[in-house]
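Asks: sequence and predicted structure below; questions after.
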Amino acid sequence: MDYERHWATFEKPPKPPRVSLFEQDQGWGFHIFALAAYLLDSGLADDAEFWDYREDRRCGYLPNGVLRVSFHNYDDLNCYLTRFGYPDLLINYGQNGHRVLQRHAGKSFRVHVPCLRRGIYLKRNLDAECYLVDSEEYLDARSVMYIPVVNTKKLRPSDCTKRRDFIYLASDYCGKRHDLLLNCVRGTELTGHLHPVSGLGLDLEGTKVTFSRWDERDVADLLRTSRIAVYSGDQTSNPAAMWECVAAGLPILVNRNIAGGRHVVVPGVTGELASEDEFAPAMRRLLERRHSYRPGEHFEQHWDTIEMLERYLEFFRRMGLGY
């Protein structure tokens, strides 16, 4: 495909009416789109875009007013930038984006959120003006800890009837360690639910665990009707789902070996950390003592959505973002 020719004549679609930050549906990506939606809500930004790579290229507005543009590859994106120019603020989320961050040097204020680091990012922070990090070992003068924000208007504590002991919000791939969790509850009376998973390759025999696929269940309802949350993943980093569980008032048990995001656990308050060998007995202890924890209250006091977004913007200003 001739990307240069395609973008040379391309016109962005007209802007439709948009919903505000908290009017968005609760679903994947709230923490990623939140700052853009907030800047649009506040009148601090005229335009906001979300870029990713996909085989099925697309360009269209999300309900929150963010323009989603999907590219085949870096060359495709590069031609787009030649046609439409550079953003004032670029936030790169995840372990990829080295070339994109370098391309924006001197042209945009760059923020990197290097979750699940690999390659050169394992050694240090680089390629940006500042960083939101998921492990204290990477804190430096130009970084702060990353707290994924949550739609607290839709995810909040509830005293409704509980239907299961635990909920695990994680897709089913090896780094999420569903095998560890299922082995802990196999042959026991503990009840749980996995979401969103395909079910393929999951050995549920001898368990009282159910599952659902993408969009088959309402996440807010699953959280309201669970007693505790668990996160058994190790090769995963600071998933927003952990923070959603805490915001919904569920004490959470997190694998001590998780690659990043251990700061979601405030022992005795929001939940506990446990090694693989300790995970099963730790689940039982958390269930027995769950009423002594205060996850929802702590979340509201320390990680309020608007307060966190304002903290990030103030941090960006201190690091040199001008607007």
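Replies: Yep, it's here. No experiment lies behind these values; they were computed from the predicted model shown.
Asks: residues in contact with stretch 117-127?
Replies: The list of residues contacting stretch 117-127 from outside it, by C-beta atoms under 8 Å, 6 or more residues apart in numbering, reads 92, 95, 97-98, 101-102, 105, 110, 112, 114, 131, 133, 138, 140, 142-143, 237, 259-260. All C-beta spots, glycine's among them, are computed from the backbone N, C-alpha and C.
Asks: and the average pLDDT for it is what?
Replies: Mean pLDDT, stretch 117-127: 86.
Asks: show me how the protein divides into domains.
Replies: Listed domain ranges for the chain are 3-150+304-319, 164-302 (source: automatic domain parsing).
Asks: return the distance of the longest one from the chain's centre.
Replies: Think domain 3-150+304-319. Chain-centre distance of domain 3-150+304-319: 13 Å, with C-alpha atoms, centre = their mean, to the nearest Å.
Asks: endpoints of it, how far apart?
Replies: 35 Å (C-alpha to C-alpha, to the nearest Å).
Asks: what does the shortest one give?
Replies: Taking C-alpha to C-alpha as the measure, domain 164-302 stretches 28 Å from start to finish.
Asks: show the average pLDDT along it.
Replies: The pLDDT scores in domain 164-302 average 96.
Asks: for stretch 9-17, same thing?
Replies: Across stretch 9-17, pLDDT averages out at 96.
Asks: before we move on, back to that, so how do I select the buried members of the contacts of stretch 117-127 in ChimeraX?
Replies: Per 16 or more other C-beta atoms under 10 Å, the buried members of the contacts of stretch 117-127 correspond to this ChimeraX selection:
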select :92,95,97,98,101,110,112,114,131,133,138,143,237,259,260
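Asks: counting only strands, which of the contacts of stretch 117-127 make the cut?
Replies: Under the assignment DSSP state E, the contacts of stretch 117-127 contribute 92, 110, 112, 131, 133, 143 to strands.
Asks: of all the domains of the chain, which one is nearest residue 156?
Replies: Proximity to residue 156 (C-beta to C-beta) singles out domain 164-302 among the domains of the chain, at 6.4 Å.
Asks: between strand 109-113 and the lengthiest helix in the chain, find me the angle.
Replies: Assignment by DSSP state H gives helix 305-319 as the longest helix of the chain. Using axes from the mean of the first three to the mean of the last three C-alpha atoms, to 10 degrees, one finds that helix 305-319 and strand 109-113 are set 130 degrees apart in direction.
Asks: so what does helix 305-319 touch, helix or strand wise?
Replies: Secondary-structure packing of helix 305-319 (3 or more C-beta pairs under 8 Å, 6 or more residues apart in numbering; DSSP states H and E): helix 30-42, strand 109-113, strand 130-133, strand 143-145.
Asks: remind me which helix or strand residue 75 belongs to.
Replies: Per DSSP states H and E, residue 75 falls inside helix 74-84.
Asks: just the buried positions in that helix, please.
Replies: Neighbour-count burial for helix 74-84 [16+ other C-beta under 10 Å]: 76-81.
Asks: again, but for stretch 221-228
Replies: In terms of neighbour count (16+ other C-beta under 10 Å), stretch 221-228 has its buried residues at 222-224, 226-228.
Asks: neighbours of residue 236, how many?
Replies: 24 (other C-beta atoms under 10 Å).
Asks: hmm, it is touching residue 170, no?
Replies: Yes: shown here, residue 236 and residue 170 form a contact pair, counting by C-beta atoms under 8 Å, at 7.4 Å.
Asks: joint contacts of the two?
Replies: Jointly contacting residue 236 and residue 170 under the rule C-beta under 8 Å, 6+ apart are residue 176.
Asks: which one is residue 91 nearest to, not counting chain neighbours?
Replies: residue 111 (4.5 Å; C-beta to C-beta, 6 or more residues apart in numbering).
Asks: beta-bridge partners for the one you found, please?
Replies: Beta bridges link residue 111 to residue 91, residue 130 when assigned by DSSP bridges.
Asks: what would the ones in strands among the contacts of stretch 117-127 look like in TSV with pLDDT?
Replies: Output for these, formatted as TSV (pLDDT from 0 to 100):
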residue	pLDDT
92	96
110	98
112	97
131	97
133	96
143	97
